[in-house]
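Q: please find the sequence and the predicted model below.
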Amino acid sequence: MPKNSDILEVVGKITEVLPGQMFKVQLENQHVITAYTGGKMRQHKIRLVAGDNVTVEMSPYDLNKGRITYRN
């Protein structure tokens with residue numbers, strides 16, 4: 001559950017792996033965003049590959065970027 005009530009949580013699928021732990025994620029509504037791994041995922045070195053289903057947190061102010069918080 002997000003700490004801030006303004007944060008949007010959406011589910012998507014990783015389509016492309018970019019350098020620097022960045023990923024292209026296709027959301028359920030077919031919108032493609034750029035996302036990075038969140039703090040605990042980076043801290044515990046959880047690996048993500050193309051095709052993984054993930055949960056992404058997004059700000060309502062910038063709908064082209066997000067933070068991956070969970071691998072489903």
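A: That came through, no problem.
Q: Ile68: neighbouring residues, count only.
A: Using other Cβ atoms under 10 Å, the number of residues around Ile68 comes to 24. C-betas here are computed from N, CA, C, even on glycine.
Q: other SSEs contacting the helix or strand bottoming out on mean pLDDT in the chain?
A: The helix or strand of the chain with the poorest confidence is helix 39-43; it has a mean of 90 (mean pLDDT, DSSP states H and E). Under the contact criterion of 3 or more Cβ pairs under 8 Å, 6 or more residues apart in numbering; DSSP states H and E, helix 39-43 touches strand 62-71.
Q: now the strand it packs on: buried residues?
A: Buried residues in strand 62-71, defined by neighbour count with 16 or more other Cβ atoms under 10 Å: 66-69.
Q: okay if I get these as TSV plus pLDDT and distance to Gly20?
A: As requested, the buried residues of strand 62-71 are exported to TSV (pLDDT from 0 to 100; distance: Cβ to Cβ, whole Å):
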residue	pLDDT	distance to Gly20
Gly66	97	15
Arg67	96	14
Ile68	97	13
Thr69	95	18
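Q: quick one on the thing from earlier: and the least confident helix or strand of the chain, what's buried?
A: The neighbour-count check on helix 39-43 (16+ other Cβ under 10 Å) flags Met41 as buried.
Q: ok, then the element right after that helix?
A: Per DSSP states H and E, the first helix or strand lying C-terminal to helix 39-43 is strand 53-59.
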